[in-house]
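Visitor: fold the stuff below for me.
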Amino acid sequence: MPKKGSRNSSGRGLRDLKVRVKTARGRKLSSTRWLERQLNDPYVRRAKAEGYRGRAAFKLIELDGRFHFLRPGARVVDLGCAPGGWLQVAVARVNALGEKKGRPVGRVLGIDLQEVEPVPGAEIHQLDFLSEGADEKVKGWLGGRADVVMSD
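Guide: Residues are numbered from 1 along each chain as shown. Now for the predicted structure:
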């Protein structure tokens, strides 16, 4: 059993730090700690290795594995879609590129205030989804109502 106090400061469990960041170069201590956590986070490394834009992709994969809401042929809207990791997962799960022959082809729509790099198989729009008429625009782009609306 681990000794009390053997958890790291994030509370996410036992994890040995492998990379230490030297303070300096005008960085605040909080920035240095954040960078150190990023460099040592196994999900950040895994996301990079598997081509995802962020570690949050694994949250969606886990949720969909449990609840099975991203089905082939589904129409999905991701509100606040930057940087696009959830879009990447949704495109694959709903067969938005039509790569799974014999399975329905879905649609994936990303909405964000900021510009987002394109994701193959997803349609991305720069829009404030709280603005008046945004819901009608989204329905028009999707060609109907969404089956799944997600936001992280």
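
Visitor: can you verify my assumption that L79 contacts F129?
Guide: Yes - contact status for L79 versus F129: in contact at 5.2 Å, counting by C-beta atoms under 8 Å. Glycine gets a C-beta too; all of them are placed from N, C-alpha and C.

Visitor: quick check: neighbours shared by these two?
Guide: Common contacts of L79 and F129 (C-beta atoms under 8 Å, 6 or more residues apart in numbering): I111.

Visitor: how about I61: what's its closest non-neighbour residue?
Guide: V89 (5.8 Å; C-beta to C-beta, 6 or more residues apart in numbering).

Visitor: tell me the secondary structure for that neighbour?
Guide: Three-state call for V89 (DSSP: H, G, I helix; E, B strand; the rest coil): helix.

Visitor: neighbours around it, how many?
Guide: Residues lying near V89 (other C-beta atoms under 10 Å) number 24.

Visitor: again with E117
Guide: Counted with other C-beta under 10 Å, the neighbours of E117 add up to 9.
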